[in-house]
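J.: quick check, what structure comes out for this input:
(one chain, ligands or ions: 1)
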Amino acid sequence: MSAVQWLEPRSLAEAGEVRAQRGAEATVLAGGSFLGILMNQGFLSPTCLLSLRAVGELRGITVRDGELCLGAMVTHRQVERDETVRRDWPALARAFGIVASPRVRNQATVGGVLADADYASDPPAMLGALGARAVLRGPTGEREVAIDELILGFYQTCIADDELLTEVRVPPAEPGAVYRKFRSRSSEDRPCVAVAAARSGGALRVVVGACAEMPQHYPDICALAAEGPLDGAMAREIARRYAERLQPLTDARGSAGYRRRIVAVEVRRALEELGGVGGETLVRGRQGGTLVRGRRGGTLVRGRRRAGP
Ligand SMILES: Cc1cc2nc3c(=O)[nH]c(=O)nc-3n(C[C@H](O)[C@H](O)[C@H](O)COP(=O)(O)OP(=O)(O)OC[C@H]3O[C@@H](n4cnc5c(N)ncnc54)[C@H](O)[C@@H]3O)c2cc1C
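T.: Residues are numbered from 1 along each chain as shown. Presented below is the predicted three-dimensional model:
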């Protein structure tokens with residue numbers, strides 16, 4: 001087996017130069033939680049790794065002009081625990097905070113989860129619902145792309161071979177964004193159905209993840225919410241239309257038919273939560289902890305609360 005060349009630039013400028021020179025020949029390495037599995041299983045045998053771990057400029061969590069700016073090398077755990085994110089973007093903190101285990105979240109990065117474009121990841125749906133944009137830096141400068149422009153299909157993005165994903169910008173949060181993760185198997189970390197809902201710029205955005213090759217967002221259906229209050233009837237109607245429109249895939253986590261039924265329930269519950277109508281909050285699976293019963297917004301909440309880290 002030939003040795004793998006290890007490149008470890010110390011600055012963003014240097015990383016950009018190496019990326020521009022070496023292109024696809026150098027595989028970008030962030031937390032390595034996705035790449036490591038592919039390499040261990042023999043699906044990928046890079047000859048050269050471009051590690052971003054020494055690039056301090058990619059590790060910041062800042063707020064600029066009211067937008068949350070997450071550096072590409074910020075870990076899931078940092079997003080989950082950051083005080084500003086928890087206070088002003090709580091649904092985002094939650095979406096990152098229920099990925100796998102603390103061990104994985106300490107490795108996995110914001111840039112990595114978007115660049116790997118796994119259809120069953122949690123953060124992309126939530127970032128999409130919040131109207132986030134990814135910053136791609138190449139030899140001729142930077143460009144910003146919305147999450148639904150970034151992810152093109154199964155494990156495919158629009159990131160060019162000479163570009164790096166450097167930052168994710170999340171617009172000011174409007175109160176009440178919701179993230180719901182439905183796991184169908186107790187042994188699974190990844191969602192069978194993920195639903196993120198938020199109001200962005202006054203408009204409702206509902207994004208369904210883990211059901212198709214990329215997160216699904218139907219603006220025409222979401223526009224119904226402009227016609228009346230987001231009450232129980234509106235939540236049911238939008239959920240019904242999402243379930244009808246979506247062409248879910250079948251995998252080990254659930255069949256297309258099963259997923260369609262879960263989408264109808266989970267979109268409705270997400271919108272009920274968003275509209276303050278109430279509904280059940282259920283976090284299922286390996287992280288399930290204590291059975292909790294309580295009231296939110298005057299509505300009975302029942303479910304399994306995730307055990308603390
Ligand atoms: C046991 C386990 C359980 C998991 N469960 C979940 C789960 O429940 N929910 C969930 O959402 N995810 C889950 N994951 C996936 C995990 O979140 C991803 O593996 C992780 O987000 C990838 O990030 P990374 O930093 O490790 O990326 P890496 O593995 O380093 O890289 C991933 C890909 O992105 C490219 N890349 C990375 N950074 C950049 C960049 N800045 N610019 C351009 N390209 C880049 C790499 O070249 C590579 O192709 C799980 C993973 C494991 C191992």
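J.: and the residue lying closest to residue 176 once chain neighbours are set aside, what does it touch?
T.: The shortest distance from residue 176 to any non-neighbouring residue, by Cβ to Cβ, 6 or more residues apart in numbering, is to residue 274 (5.2 Å). The C-beta positions use only the backbone N, C-alpha and C, and glycine is treated the same way. Residue 274 makes contacts with 176-178, 197-199, 204, 230, as judged by Cβ atoms under 8 Å, 6 or more residues apart in numbering.
J.: distance of the residue of the stretch 51-200 of the chain found nearest the ligand relative to residue 71?
T.: Residue of the stretch 51-200 of the chain nearest the ligand, by Cβ to the nearest ligand atom: residue 112 (2.3 Å). To residue 71, residue 112 is 12 Å away according to Cβ to Cβ, to the nearest Å.
J.: give me the number of residues near the nearest residue in space to residue 76 that is not next to it in sequence?
T.: Spatial nearest neighbour of residue 76, excluding adjacent residues (Cβ to Cβ, 6+ apart): residue 105 at 3.9 Å. Residue 105: 23 surrounding residues under other Cβ atoms under 10 Å.
J.: just residue 114 next, same as before
T.: Quick note: residue 114 (other Cβ under 10 Å) scores 23 neighbours.
J.: what kind of secondary structure is it in?
T.: helix (DSSP: H, G, I helix; E, B strand; the rest coil).
J.: quick one: contacts for it?
T.: With Cβ under 8 Å, 6+ apart, residue 114 has these contacts: 123-124, 127, 134, 147, 150-151, 157, 165, 168.
J.: filter the residues you listed down to the ones in helices?
T.: 123-124, 127, 147, 150 (DSSP state H).
J.: can I get those residues in JSON lines with distance to the ligand, neighbour count and pLDDT?
T.: Shown next, in JSON lines, are the ones in helices among the contacts of residue 114 (distance: Cβ to the nearest ligand atom, whole Å; neighbours: other Cβ atoms under 10 Å; pLDDT from 0 to 100):
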{"residue": "123", "distance to the ligand": "6", "neighbour count": "25", "pLDDT": "98"}
{"residue": "124", "distance to the ligand": "8", "neighbour count": "28", "pLDDT": "98"}
{"residue": "127", "distance to the ligand": "11", "neighbour count": "29", "pLDDT": "98"}
{"residue": "147", "distance to the ligand": "14", "neighbour count": "24", "pLDDT": "97"}
{"residue": "150", "distance to the ligand": "11", "neighbour count": "25", "pLDDT": "98"}
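J.: out of those, flag the one nearest to residue 186.
T.: Residue 186 lies nearest to residue 123 out of the ones in helices among the contacts of residue 114, by Cβ to Cβ, at 22.3 Å.
J.: who are the neighbours in contact with the closest one?
T.: Neighbouring residues of residue 123 by Cβ under 8 Å, 6+ apart: 76, 92, 95-96, 99, 110, 113-114.
J.: make JSON lines out of those and add secondary structure and pLDDT.
T.: Converted to JSON lines, the contacts of residue 123 look like this (DSSP: H, G, I helix; E, B strand; the rest coil; pLDDT from 0 to 100):
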{"residue": "76", "secondary structure": "helix", "pLDDT": "98"}
{"residue": "92", "secondary structure": "helix", "pLDDT": "97"}
{"residue": "95", "secondary structure": "helix", "pLDDT": "98"}
{"residue": "96", "secondary structure": "helix", "pLDDT": "98"}
{"residue": "99", "secondary structure": "coil", "pLDDT": "97"}
{"residue": "110", "secondary structure": "helix", "pLDDT": "98"}
{"residue": "113", "secondary structure": "helix", "pLDDT": "98"}
{"residue": "114", "secondary structure": "helix", "pLDDT": "98"}
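J.: which one of these sits in the busiest neighbourhood?
T.: Busiest of those [other Cβ under 10 Å] is residue 95, holding 30 neighbours.
J.: not counting its neighbours along the chain, what's nearest it?
T.: Closest to residue 95 by Cβ to Cβ, 6+ apart is residue 126, at 3.7 Å.
J.: would you enumerate the residues in contact with the one you found?
T.: Here residue 126 is in contact with 91-92, 95, 177, 179, 196, 207 (Cβ under 8 Å, 6+ apart).
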